[in-house]
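Enquirer: here is my input; please provide its structure:
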Amino acid sequence: MDARNLILAAAAGAVSLAICAVLWALAQRRAAQARVSEISRKLMTALAHADAAQASAEAFDSALLAVEDGRALLASGEESLALCAEALGLSEPDPQGVVNALMRADPDHARRLRALFERGEACAFEVRGDAGLIAVEGRAAGAMAWLRLSVGQTEDQGLPTAPRFAAFLNARATPAWIAAADGSPVWVNAAWLKAVDAASLDEAAARGVAFDRGADALASEAANLGQRRDTVRWANVGGKRRAFHIAAQPLEGGGVGVWTEDVSEQEDLRELLKRNVEAHDETLNHIDEAVAVFDKAKKLMFHNTAFAELWGVEPAWLAEQPSHSEVLDRLRQRRRLPETADYAKWKAGELDRYEQLAAGPDDMWSLPDGRTLKVVRQPHPMGGLLLLFSDITDELKLKAQYNALIQVQQATLDKLSDAVVVFGSDGRLRLHNEAFGAFWNLTPGQIEGAGDFEGVVELCIPKLHNRDFWAELKGRVADPDPQARAPTTGEIKTSDSRVVLYQSRPLPDGATLIAFTDVTDARKVEQALEAKEQALADAERLKRDFVGNVSYELRTPLTTIIGYSELLERSGEALSERGRAHAAAVKSAATQLARSIDDVLDMAQIDADEMALDMEDVRVSELLAAQAERWADEAAAAKVTLVVQAPQDMGLIRGDTRRLSQILSHLVENALGQTPAGGTVTLAARKGLGEVQLSVSDTGRGIPFHVQAHIFDRFVGRERGGPGLGLALVKALTELHGGWVALESEPGAGATFTCHLPEEAQAVVAQPELGLT
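Expert: Just a heads-up that it's a prediction; the model follows:
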């Protein structure tokens with residue numbers, strides 16, 4: 001390249017560089033102009049904001065101080081600063097002087113301001129100066145602290161600032177908040193946040209939780225109506241169901257203030273009162289007395305079921321809560337009130353009782369239908385009047401009957417010869433008869449004046465000195481132990497030598513009856529009777545001994561007589577026919593005498609309870625056959641047919657064979673003696689329910705009715721020979737076997753004696769009526 005070209009190239013490069021430089025300069029100029037325009041706009045905006053802040057600060061009469069490194073500078077509100085200085089008693093409106101005065105006003109204020117200046121902690125408080133109230137609000141912004149000072153107006157000096165009021169609401173234990181027109185909270189206190197378990201209102205809104213949807217609806221209703229609204233709502237707070245009284249009040253400037261009070265205890269008490277009232281009403285509906293409650297306006301506010309039934313009034317009409325006057329008028333129309341000459345005056349007197357403060361005396365109403373009512377009136381605790389009607393018709397009848405019974409009882413006791421006195425469980429004298437006064441030589445006045453057991457004892461001591469006796473009787477009267485009040489009886493001797501039988505008996509009502517009887521003469525008679533009884537016993541013993549000895553002495557000669565008479569009967573031709581007849585007569589008489597002696601000895605043994613039965617199994621058919629065989633000859637001699645009627649399957653009975661044979665022997669002998677020639681004597685046996693019946697019947701002349709009642713008595717049959725003990729011995733021996741004897745007879749139609757014997761007979765002692773006299 002030559003020099004020219006180099007010069008041209010250099011010139012072109014220089015031109016290009018110049019052009020680029022111009023273009024860059026133009027671009028820098030435009031950027032600078034844009035920068036200057038942006039800065040100018042921001043400066044204008046800042047100036048506008050500053051002017052607005054200055055204007056707003058001055059519009060709200062507040063001074064704004066900036067504090068940096070402990071120095072206070074006025075940012076705005078020179079006039080307000082002057083007012084604050086004047087309120088604090090400062091001569092010059094110096095910002096630093098005002099801050100120092102605020103710190104001197106209260107140590108707490110100084111602590112809060114230092115915390116603001118040193119650590120940037122926000123604060124809000126009020127300072128009361130000599131000439132007014134100053135509200136202080138402090139905030140930190142970067143390295144500077146800002147204070148806004150406001151002087152309170154005269155009419156607003158007592159009102160707290162918004163922060164203080166918020167602090168006041170936060171101190172409440174129950175939720176409080178400010179709601180918008182739709183009921184949603186726009187500000188809430190700490191209790192509200194605690195109740196919904198949220199750290200802030202924004203968190204609660206994000207979670208969609210609320211203290212109570214019903215409370216929000218109530219706030220919305222208050223905002224729409226522009227009126228205060230109240231209600232009681234139940235909400236779960238802290239895991240417990242609590243009752244809150246919620247009040248929603250529209251606020252000036254918009255919004256609704258919602259205030260709550262925890263009324264759980266009041267609601268619990270209200271519910272308890274409601275249940276108590278219901279239980280009270282239910283209880284009153286189950287009592288027999290008629291109850292009616294009228295309120296202060298004299299309207300029927302309660303009645304039980306018995307009230308409607310007593311007066312026969314329709315429950316539907318009573319449910320309309322008629323007045324007391326209307327109730328009385330309806331009852332009068334139906335003739336269910338006492339008859340009175342001046343009903344209007346009587347009714348006015350009833351209604352005037354609402355004015356009485358104390359309960360009036362009870363009344364007795366006699367109704368036209370014959371019923372008697374007891375009427376109780378008393379003021380109701382909640383105002384009005386309570387009426388209680390009791391139908392005492394039956395009670396009066398019972399009382400009259402009771403009084404009549406008491407009079408009959410007293411008259412009955414007065415007719416008794418025993419001295420009777422009744423003491424209550426408290427020892428008081430309740431009742432005594434006339435014989436009591438006569439027994440202890442006391443007048444009725446003395447007895448009534450004694451009053452109680454101790455008083456009566458003092459009156460009776462002169463006749464009966466034994467105080468231990470009276471102490472024991474007192475225990476029977478007043479001791480609460482039932483064992484101590486057990487019945488007792490005994491005898492004691494008085495100072496005038498009387499023998500007294502005393503008895504105490506507890507009565508069902510807790511009282512105790514004590515009776516005294518003079519048994520002096522009775523004891524003398526008893527002693528005489530005991531002596532006579534002993535003498536009779538001795539005579540009875542002598543009689544038995546005599547009978548036994550005489551019977552024994554008679555047996556020996558009788559045995560000799562019977563033996564020789566039998567020997568003479570067997571002598572054959574050596575004795576004439578007449579002689580043999582005499583010998584037979586002697587034998588028969590001796591045998592009869594021996595049997596009579598045996599009967600007497602058996603009766604004596606039975607009377608002395610000394611006869612013992614030799615019990616064994618006895619075959620009934622063999623027993624009857626043996627008796628028929630024994631009496632066959634006598635029956636043939638008397639031309640009487642002897643018949644046995646006994647089934648072969650009669651079986652066995654338990655008894656004494658010898659004594660059973662003796663029973664049948666006496667009955668057969670008696671039948672043969674009463675049956676004429678050609679007649680029939682029947683021995684029969686048959687089974688009954690648990691027994692065997694042995695009977696002997698004849699076709700003789702029968703037994704007269706007047707004799708049948710005494711046929712088994714002793715010595716009745718003596719006209720037929722012997723002592724007349726046969727049938728009496730039959731009865732005694734049968735009863736010793738545990739059985740009994742029956743007689744069936746009509747005059748001229750024969751007689752049947754039946755012995756009812758148990759199959760399992762057991763020996764028993766002789767009966768008292770068998771005593772030998």
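
Enquirer: buried residues of stretch 325-334, list them for me.
Expert: The neighbour-count check on stretch 325-334 (16 or more other CB atoms under 10 Å) flags 327-328, 330, 332 as buried. C-beta coordinates here come from the backbone N, C-alpha and C atoms, glycine included.

Enquirer: between the residues you listed, which sits nearest Ala140?
Expert: Looking at those and their distance to Ala140, the nearest is Val327, at 79.4 Å (CB to CB).

Enquirer: quick revisit: ok, so of the buried residues of stretch 325-334, who is nearest Ile461?
Expert: Using CB to CB, these come closest to Ile461 at Leu328, 63.7 Å.

Enquirer: then the closest one would be within a strand, right?
Expert: No: using DSSP: H, G, I helix; E, B strand; the rest coil, the assignment for Leu328 is helix, not a strand.

Enquirer: now it, nearest residue through space, not along the chain?
Expert: Lys347 (5.5 Å; CB to CB, 6 or more residues apart in numbering).

Enquirer: likewise Ile392?
Expert: Distances taken as CB to CB, 6+ apart put Lys374 closest to Ile392, at 5.0 Å, once the chain neighbours are dropped.

Enquirer: so how far is Leu387 from the one you found?
Expert: 11 Å (CB to CB, to the nearest Å).

Enquirer: so for those two, which sits in the more crowded spot?
Expert: It is Leu387, of Lys374 and Leu387, that has more neighbours when counted by other CB atoms under 10 Å, with 21 against 16.

Enquirer: in its sheet, which strands sit next to the helix or strand where the more buried one lies, and in what direction?
Expert: Counting by DSSP states H and E, the element that carries Leu387 is strand 385-391. According to DSSP bridges, strand 385-391 has the following sheet partners: strand 290-294 (antiparallel), strand 372-379 (antiparallel).

Enquirer: quick one: contacts of it?
Expert: For strand 385-391, contacts defined as CB atoms under 8 Å, 6 or more residues apart in numbering pick out 288-294, 298, 307, 310, 324, 353-354, 371-380.

Enquirer: recalculate using a threshold of 6 Å.
Expert: Outside strand 385-391, the residues that touch it by CB atoms under 6 Å, 6 or more residues apart in numbering are 289-294, 310, 354, 371, 373-378, 380.

Enquirer: just checking, which helix or strand succeeds the helix or strand bottoming out on mean pLDDT in the chain along the chain?
Expert: Here the helix or strand of the chain ranked lowest by mean pLDDT, DSSP states H and E is helix 577-607, holding a mean of 68. Scanning forward in sequence from helix 577-607 by DSSP H and E, the next helix or strand is strand 616-619.

Enquirer: check which element follows that next one along the chain.
Expert: Where DSSP H and E defines the elements, the next helix or strand beyond strand 616-619 is helix 620-630.

Enquirer: any buried residues in that following helix, and which?
Expert: Judged by neighbour count (16+ other CB under 10 Å), helix 620-630 contains these buried residues: 620-621, 623-624, 627-628.

Enquirer: adding pLDDT and distance to Gly70, write the buried residues of stretch 325-334 out as TSV.
Expert: What follows is the buried residues of stretch 325-334, written out as TSV (pLDDT from 0 to 100; distance: CB to CB, whole Å):
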residue	pLDDT	distance to Gly70
Val327	91	88
Leu328	91	91
Arg330	91	93
Arg332	90	97
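
Enquirer: output the below-cut-off pLDDT ranges for the stretch 201-350 of the chain.
Expert: 253 (pLDDT under 70).

Enquirer: that one: strands as residue ranges?
Expert: Listed in chain order, the strands of the stretch 201-350 of the chain (DSSP state E, counting those that start in this stretch) span residues 229-237, 240-250, 256-262, 290-294, 300-303.

Enquirer: again with the stretch 651-773 of the chain
Expert: Using DSSP E, counting those that start in this stretch, strands in the stretch 651-773 of the chain cover 652-655, 680-687, 691-698, 740-745, 751-758.

Enquirer: which one of these lies closest to Leu513?
Expert: Judging the strands of the stretch 651-773 of the chain by CB to CB, what sits closest to Leu513 is strand 740-745, at 44.1 Å.

Enquirer: quick check, pLDDT for Pro163.
Expert: Each residue has a pLDDT score; the one for Pro163 is 69.

Enquirer: which residues touch Val256?
Expert: Per CB under 6 Å, 6+ apart, neighbours of Val256: 179, 219, 222-223, 248, 250.

Enquirer: go with 10 Å
Expert: Going by CB atoms under 10 Å, 6 or more residues apart in numbering, Val256 touches 177-183, 185-186, 216, 218-224, 226, 228-229, 248-250.

Enquirer: and for Val313?
Expert: With CB under 10 Å, 6+ apart, Val313 has these contacts: 303, 307, 322, 327, 330-331, 334, 336.

Enquirer: which one of those is nearest Val500?
Expert: Nearest to Val500, judged by CB to CB, of the contacts of Val313 is Phe307 at 59.7 Å.

Enquirer: for that closest one, which non-adjacent residue is closest in space?
Expert: Ala290 (3.9 Å).

Enquirer: hmm, the one you found is touching Leu318, no?
Expert: No: at 11.4 Å, Ala290 and Leu318 do not qualify as touching, with contact defined as CB atoms under 10 Å.

Enquirer: got any residues that touch both of those two?
Expert: 303, 307-308, 311.

Enquirer: can you map out the strands along the stretch 51-200 of the chain?
Expert: Counting by DSSP E, counting those that start in this stretch, the strands of the stretch 51-200 of the chain are 62-68, 71-76, 123-128, 133-141, 144-151, 176-179, 185-188.

Enquirer: so which of these gets nearest Leu664?
Expert: Closest approach to Leu664 among those (CB to CB): strand 176-179, 121.5 Å.

Enquirer: remind me, longest helix of the protein?
Expert: Criterion DSSP state H: the longest helix present in the chain is helix 3-59.

Enquirer: packing partners of it?
Expert: Applying 3 or more CB pairs under 10 Å, 6 or more residues apart in numbering; DSSP states H and E, one finds that helix 3-59 contacts strand 62-68, strand 71-76, helix 78-88.

Enquirer: now these as a markdown table including distance to Phe436?
Expert: Below are these laid out as a markdown table (distance: least, CB to CB, whole Å):
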| stretch | distance to Phe436 |
| --- | --- |
| strand 62-68 | 109 |
| strand 71-76 | 115 |
| helix 78-88 | 105 |
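
Enquirer: now render these as CSV, adding mean neighbour count and distance to Ala206.
Expert: Formatted as CSV, these follow (neighbours: other CB atoms under 10 Å; distance: least, CB to CB, whole Å):
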stretch, mean neighbour count, distance to Ala206
strand 62-68, 20, 35
strand 71-76, 16, 37
helix 78-88, 20, 40
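
Enquirer: need the helices for the stretch 351-500 of the chain, in chain order.
Expert: With DSSP state H, counting those that start in this stretch, the ranges of helices along the stretch 351-500 of the chain come out as 393-415, 434-440, 444-450, 453-460, 467-478.

Enquirer: tell me the angle the last one makes with helix 453-460.
Expert: It refers to helix 467-478. Here helix 467-478 runs at 150 degrees with respect to helix 453-460, directions being taken by axes from the mean of the first three to the mean of the last three CA atoms, to 10 degrees.

Enquirer: now helix 467-478: average pLDDT?
Expert: 86.

Enquirer: any idea how far that helix is from the chain center?
Expert: Centroid separation for helix 467-478 versus its chain: 35 Å, with CA atoms, centre = their mean, to the nearest Å.

Enquirer: pull the CA atoms of it into PDB?
Expert: What follows is helix 467-478, C-alpha atoms only, in PDB (Å, rounded to 0.1, in the frame of the first residue of the first chain):
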ATOM      1  CA  ARG A 467     -86.300 -48.300 143.400                       C
ATOM      2  CA  ASP A 468     -84.400 -51.000 141.400                       C
ATOM      3  CA  PHE A 469     -87.800 -52.300 140.400                       C
ATOM      4  CA  TRP A 470     -88.800 -48.900 139.100                       C
ATOM      5  CA  ALA A 471     -85.500 -48.500 137.300                       C
ATOM      6  CA  GLU A 472     -86.000 -51.700 135.500                       C
ATOM      7  CA  LEU A 473     -89.500 -50.700 134.400                       C
ATOM      8  CA  LYS A 474     -88.100 -47.400 133.200                       C
ATOM      9  CA  GLY A 475     -85.700 -49.300 130.900                       C
ATOM     10  CA  ARG A 476     -88.700 -51.100 129.500                       C
ATOM     11  CA  VAL A 477     -90.400 -47.800 128.800                       C
ATOM     12  CA  ALA A 478     -87.600 -45.500 127.500                       C
END
